[in-house]
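Could you look at this predicted model? Sequence included:
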Amino acid sequence: MHGDIQTIDSGLLSDRIRNALTDAITSGELPAGTALDEQNLAQRYGASRTPVREALRQLAASGLVEIRPRRGVVVARLTPERIADMFETTAEIEALCARLATYRMTPLERGRLMDLHADSAAAVEAGDVDAYDRLNRAFHEALYAATHNGFMAEQALAIRERLAAFRRTQLRHADRIRRSWDEHGEILSAIAEGDGELAARRMRAHMLRAAAALGRFIADTVG
């Protein structure tokens, strides 16, 4: 039991370290090419090297850092064009998931989505990016599952992992959290009406607005 608690604590700590590094990288505090040393990061965040290593692994999966032979871990160089391409791709996949889920989800799955939307309202009011990010992720993953297409859900989740850091970062721009929550409500309305095409259009717009918010956040930060 004690080992389980340690594992959970380590996982939560790696999430916090990953989030802190994500903010530092996307804000330019840690520019492309910066070497990231596990021991230095462990001291900086008051942690052992295990959660640091896990955080770096997750950042590598998102494409924010690269693990290079003999050079260790360095901050990756990503162009705005590459990020835009990734968001455009995920917008289409998520739109497809929204359309299929509208026609295939069970009443229980629809209720789960509505509960997640209601639960996230408190995070919106508090301006709590981390809490909203967790619930936002759960909302989208519940939608993937509701397609009842295992392969599509796997693909949607895989590309979401690649974009997770950027999707979190865009929530920091202005009132993006509230706008994101409102957009989820519009998607849910289309789902409740059984209009899969409308749900897909609203989901696509939701994702492209997130990309635009990310661009503005980066521009504001660099400026």
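Now that the structure is in, tell me what you want to look at. Residues are numbered from 1 along each chain as shown.

how about the strands in this protein?
With strands called from DSSP state E, the chain shows them at 35-36, 65-68, 72-75.

For the ones you listed, which has the smallest mean pLDDT value?
Mean pLDDT is lowest for strand 65-68 among the strands of the chain, at a mean of 90.

In that one, which residues are buried?
65-66 (16 or more other CB atoms under 10 Å). Heads up, the C-betas are built off the backbone N, CA and C, glycines and all.

Same check on stretch 68-82?
For stretch 68-82, the neighbour count (16+ other CB under 10 Å) marks 73-76, 78 as buried.

Same question for stretch 170-183.
By 16+ other CB under 10 Å, the buried positions in stretch 170-183 come out as 170-173, 176-177, 179-181, 183.

could you say what helices and strands the longest helix along the chain packs with?
Criterion DSSP state H: the longest helix present in the chain is helix 196-222. Under the contact criterion of 3 or more CB pairs under 8 Å, 6 or more residues apart in numbering; DSSP states H and E, helix 196-222 touches helix 2-26, helix 80-104, helix 150-170, helix 176-192.

which outside residues touch the last one?
In other words, helix 176-192. Residues from elsewhere that reach helix 176-192 (CB atoms under 8 Å, 6 or more residues apart in numbering): 98, 101-102, 105, 110, 113-114, 117, 120-121, 123-124, 127, 129, 132, 136, 139, 170-171, 196, 198-199, 202-203, 205-206, 209-210, 213, 217.

Can you tell me which of the residues you listed are buried?
Listed as buried from these are 98, 101-102, 105, 110, 113, 117, 120, 123-124, 129, 132, 136, 139, 170-171, 196, 198-199, 202-203, 206, 209-210, 213, 217; burial here means 16+ other CB under 10 Å.

quick check: domain ranges of this protein?
Here the domain parsing of the chain from automatic domain parsing is 2-75, 80-222.

which one of those domains is the most hemmed in?
Scoring these by mean neighbour count under mean count of other CB atoms under 10 Å gives domain 80-222 as the most buried, with a mean of 18.

quick one: contacts for the residue nearest to Tyr45 when sequence neighbours are not counted?
Nearest residue to Tyr45, sequence neighbours excluded (CB to CB, 6 or more residues apart in numbering): Ile17, at 5.2 Å. Ile17 sits next to 41, 45, 47, 51-52, 55 when contact means CB under 8 Å, 6+ apart.

With pLDDT and distance to Glu92 added, can I get these in a markdown table?
Shown next, in a markdown table, are those (pLDDT from 0 to 100; distance: CB to CB, whole Å):
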| residue | pLDDT | distance to Glu92 |
| --- | --- | --- |
| Leu41 | 94 | 36 |
| Tyr45 | 90 | 37 |
| Ala47 | 90 | 38 |
| Pro51 | 93 | 35 |
| Val52 | 94 | 35 |
| Ala55 | 92 | 30 |
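
For Arg160, which of the strands of the chain is the nearest?
Among the strands of the chain, the nearest to Arg160 by CB to CB is strand 65-68 (18.1 Å).
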